[in-house]
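S.K.: Can you look at this prediction? I've put the sequence above it.
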Amino acid sequence: MRIHFIAIGGAAMHNLAMAVAGKAGYVVTGSDDEIFDPALTHLRQAGLLPEQMGWFPEKITRDLDAVILGMHAREDNPELQRAKELGIRIYSFPEYLYEQTRNKTRIVVGGSHGKTTTTAMILYVLQRLGIEADYMVGAQIEGFERMVRLSDTAQYAVFEGDEYLTSPLDHRSKFLWYHPHIAILTGIAWDHINVFPTFDQYVDTFRLFANSMEECGSLIYFEEDPQLQSIAETLRADIHALPYNAYQGEVEMQVFGRHNMQNLQAACLACQQIGVSADTFYREIASFTGASNRLEKICEQNSNGDHRVAYKDFAHSPSKLKATVQAVRERYKDLQLIACMELHTFSSLMADFLPQYKDCMAQADKAFVYFNPKVIEHKRLTPIDANDVKQAFGTDNVEVFTDRDMLLQRLEEQHYSNTALLMMSSGTFDGLDIKQTAQQLLLNQ
């Protein structure tokens, strides 16, 4: 089988390319107009890095069995147009995952927050128990070589279900392709305003997901979410609804926070559906340290009555931001909490969406918010200024910066004795080495 990836450099796409290339009898090629690390290094090591950046229609030949189209490509992409002309089968990323796992029991984790961690928890326990599974997860997990696995032998497939667009040709949510036998919905908090301009439209895509399940499937949902309660009440008659809440028992855990106790319980229920007992799940999850960039501890020093600790997190949407700040506040009640986040995504930089951030960082002692006006210009959004952002967050502890060097200077001015530092972004603070910066701030003062 010869498969060509258009926009091979994406986070998920390059992992899928490596997974496919690892299957016997498959030959993989790819193109992209820009590729950055870690994808650049991963593709080079796998022998899949394109020789030149750019789009080359001549790569699309009749001997290709399929083309897989990434979101980074545009509808007028010359390689895509050539594939259409030749009548080559074109798959989106999620469509191809489904095709490769249509004969497996599929577990899909959806929701506005907690998807990655819940998926990682399920995979971690299955691996510990020697239960083989194909998977797609949105972060690196300890003990897993990459973010995507496809095999001919696994009985199960575990996917993180994203509600964002499928591809430039298909504007349905990705997770509508997966048709799970077991589904999890962790909660609904409005996001991706550029795709779902109203909250009702956003909720509707989760309703479609719940009703896209295979016959006699099981829907595991967070029972305190009113939108999920409504969805559960209108499910097809053959779907079994399983509500859950935060885990209340005593179990040794490396991760913390109420949101993670909710994730824990959802993951446990999913594993129970395929025969893993609750006692076994809790025993194995005890050593789980979390997914990369999800409340990932950067450094800690605790000596002579001076406790300093730093975390990084992918939090960017209001619900994720609030849950992460709350988790660190609860964990380190006696420490000063300095929280720093970057507005980076399309939704977070939209003037109409900013009010969703009200009180999200209220539990921090000091809160710093950064955004780059050039990113807003690049995304062709209505300009916003620092005062707009401060008013949206709505608390006096928030300072807003549009210059990264000024943000760094302000962070360097802080006193870090007995402090928890939380750095949050789905980006990089314009190329900042977050780990190195946090270590320097905390340990060199």
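M.R.: Now that the structure is in, tell me what you want to look at.

S.K.: ok, which stretches of the stretch 201-350 of the chain are helices?
M.R.: For the stretch 201-350 of the chain, the helices defined by DSSP state H, counting those that start in this stretch cover 226-233, 258-273, 278-285, 318-331.

S.K.: Let me have the ones you listed in a markdown table, extended by mean neighbour count.
M.R.: The C-beta positions use only the backbone N, C-alpha and C, and glycine is treated the same way. Converted to a markdown table, these look like this (neighbours: other Cβ atoms under 10 Å):
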| stretch | mean neighbour count |
| --- | --- |
| helix 226-233 | 16 |
| helix 258-273 | 23 |
| helix 278-285 | 17 |
| helix 318-331 | 21 |
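
S.K.: what's the closest of those helices to residue 3?
M.R.: When the helices of the stretch 201-350 of the chain are compared by Cβ to Cβ, helix 258-273 sits nearest residue 3, at 30.2 Å.

S.K.: Between helix 318-331 and that closest one, find me the angle.
M.R.: 110 degrees (axes from the mean of the first three to the mean of the last three Cα atoms, to 10 degrees).

S.K.: Helix 258-273 to helix 278-285, inter-axis angle?
M.R.: 130 degrees.

S.K.: List every C-alpha atom in helix 258-273, with coordinates, as CSV.
M.R.: Backbone C-alpha positions of helix 258-273 (Å, rounded to 0.1, in the frame of the first residue of the first chain) are rendered in CSV as follows:
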residue,chain,number,x,y,z
ARG,A,258,-10.9,17.7,41.2
HIS,A,259,-10.9,17.6,37.4
ASN,A,260,-8.4,14.8,37.5
MET,A,261,-10.6,12.9,39.9
GLN,A,262,-13.4,13.2,37.4
ASN,A,263,-11.1,12.0,34.6
LEU,A,264,-10.1,9.1,36.8
GLN,A,265,-13.7,7.9,37.4
ALA,A,266,-14.5,8.2,33.7
ALA,A,267,-11.5,6.2,32.7
CYS,A,268,-12.3,3.6,35.3
LEU,A,269,-15.8,3.1,34.0
ALA,A,270,-14.6,2.8,30.4
CYS,A,271,-12.1,0.1,31.4
GLN,A,272,-14.9,-1.7,33.3
GLN,A,273,-16.8,-2.0,30.1
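
S.K.: Which strands and helices lie in contact with that helix?
M.R.: strand 105-110, helix 115-128, strand 182-185, strand 218-222, strand 240-244, helix 278-285, helix 318-331 (3 or more Cβ pairs under 8 Å, 6 or more residues apart in numbering; DSSP states H and E).

S.K.: re the thing from before, using CSV, please lay out the helices of the stretch 201-350 of the chain together with mean pLDDT.
M.R.: Formatted as CSV, the helices of the stretch 201-350 of the chain follow (pLDDT from 0 to 100):
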stretch, mean pLDDT
helix 226-233, 97
helix 258-273, 95
helix 278-285, 95
helix 318-331, 93
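
S.K.: Tell me, what's the model's pLDDT at residue 445?
M.R.: Note on residue 445: pLDDT of 68.

S.K.: typed the wrong thing, it's residue 289
M.R.: At residue 289, pLDDT is 87.

S.K.: Hmm, it is touching residue 255, no?
M.R.: Yes. Counting by Cβ atoms under 8 Å, residue 289 touches residue 255, with 7.1 Å between them.

S.K.: For the two, work out which one has more neighbours and name it.
M.R.: residue 255 (20 against 16; other Cβ atoms under 10 Å).

S.K.: Contacts only, for residue 97.
M.R.: Applying Cβ atoms under 8 Å, 6 or more residues apart in numbering to residue 97 gives the contacts 16, 136, 148, 150, 157, 159, 177-178.

S.K.: doesn't residue 402 make contact with residue 373?
M.R.: Yes. In terms of Cβ under 8 Å, residue 373 counts as a neighbour of residue 402; the distance is 5.6 Å.

S.K.: what about these two, which has more around it?
M.R.: Using other Cβ under 10 Å, the more surrounded residue of residue 373 and residue 402 is residue 402, with 17 against 14.

S.K.: Could you tell me how many residues sit around residue 383?
M.R.: Residue 383: 10 neighbours (other Cβ under 10 Å).

S.K.: Where does it sit: helix, strand or coil?
M.R.: coil (DSSP: H, G, I helix; E, B strand; the rest coil).

S.K.: was I right about it contacting residue 373?
M.R.: Yes. With contacts counted by Cβ under 8 Å, residue 383 reaches residue 373, the gap being 6.9 Å.

S.K.: avg pLDDT for the helix or strand encompassing residue 157?
M.R.: Here residue 157 is covered by strand 156-160, with elements defined by DSSP states H and E. Confidence over strand 156-160 (mean pLDDT, whole number) is 98.

S.K.: tally of neighbours for the spatially closest residue to residue 140 that is not a sequence neighbour?
M.R.: Nearest non-adjacent residue to residue 140, counting by Cβ to Cβ, 6 or more residues apart in numbering: residue 292, 4.0 Å away. Neighbour count of residue 292, defined by other Cβ under 10 Å: 17.

S.K.: now swap in residue 390 and tell me
M.R.: So residue 390, with other Cβ under 10 Å, has 15 neighbours.
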